[in-house]
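**Q** pasted the sequence and its predicted model underneath.
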Amino acid sequence: MNNANKHLEQNRQYYNRTASRYDSDSRRENRNHYRKIIEILAHLSPVLVPGALLLEVGVGTGIHAGIVLERLPDIRYTAVDLSERMLAIARQRIVGKHGEIELVATNGEILPFPENTFDAVFVSGALHHFPHPEVGVAELIRVLKRKGRFSIMEPNLLYPTNFIPALAVKEDRNILQIHRWNLKRWLEKLPVCGVQTENILYLPPFPARLVHFYERVERVIGTVPFVKEFSIMLHVYGCKNV
């Protein structure tokens, strides 16, 4: 087994083992996950008309999928993940409650879809788990239709609580590759246009009684250029060339 396949198998086993407690251990259903998907949809929504095909790579337990389908129940939603048990939880969360849905267990670096299939594609917090994130970005663009929109939301290497696990946790090691310069370099090789990068800054979602205070602080510090560079997330988005 080569290093890439070993990396994939280790990740698949890790997320299969932790799937049942994944959301509860980190209390993932919170305002910050909601904010991330709203930021993503702000860019993708113009092409997400009824019947549009949307792909999520790395659906996990389906938190983002549930939010998307509540807001856009008339789209056709395809989601992939390496972990079969994560997909099982996502299936319980979204199938039968929303519109047309397809869930596929697959490697995000080799997507089982033809070129120019989807109107919009996105990945949120999963790209850094790929053995070769650059390959994952290329696959996103390959399966995207011409004039379609893409969105990549990933942990910012410069944020302290992202940098530390990148050094300490093997499943998060490729956070070290996720910075604006690499993302720009990877996308420059692909048929894309209108690429923009935003820093997404937010404070912890807990305790809930401090949420309004957090929101005021975020609005203030989000205007400071140097501070923004150390945001928790990077959001890169654009379109595929005609």
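**A** That came in fine, so what should we check first?
**Q** in contact with residue 38, which residues?
**A** Residues near residue 38 by C-beta atoms under 8 Å, 6 or more residues apart in numbering: residue 67. Glycine gets a C-beta too; all of them are placed from N, C-alpha and C.
**Q** numbering from 51 from now on, please.
**A** Sure, I'll start counting at 51 from here, so that last one is residue 88.
**Q** tell me which residues of the helix or strand that contains it are tucked away?
**A** Secondary-structure element containing residue 88, defined by DSSP states H and E: helix 81-94. Burial within helix 81-94, assessed by neighbour count using 16 or more other C-beta atoms under 10 Å, is assigned to 82-83, 86-87, 89-91, 93-94.
**Q** just stretch 229-248 next, same as before
**A** Of the residues in stretch 229-248, 230, 233, 236-237, 240, 242, 245, 247-248 count as buried by neighbour count, 16+ other C-beta under 10 Å.
**Q** export stretch 225-244 as CSV, just CAs?
**A** The C-alpha trace of stretch 225-244 is given here as CSV (Å, rounded to 0.1, in the frame of the first residue of the first chain):
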residue,chain,number,x,y,z
ILE,A,225,-3.7,21.9,7.4
LEU,A,226,0.0,22.9,7.0
GLN,A,227,-0.8,23.1,3.2
ILE,A,228,-3.9,25.2,3.6
HIS,A,229,-2.9,28.8,3.2
ARG,A,230,-3.9,31.4,0.6
TRP,A,231,-0.7,31.1,-1.4
ASN,A,232,-1.1,27.4,-2.0
LEU,A,233,-4.8,27.7,-2.8
LYS,A,234,-4.0,30.5,-5.3
ARG,A,235,-1.2,28.5,-6.8
TRP,A,236,-3.3,25.4,-7.2
LEU,A,237,-6.2,27.3,-8.8
GLU,A,238,-4.0,29.2,-11.2
LYS,A,239,-3.4,25.9,-13.0
LEU,A,240,-7.1,25.3,-13.5
PRO,A,241,-9.8,26.8,-15.8
VAL,A,242,-11.2,29.2,-13.2
CYS,A,243,-12.0,32.9,-13.1
GLY,A,244,-13.1,35.5,-10.6
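**Q** many thanks, I have nothing further to ask.
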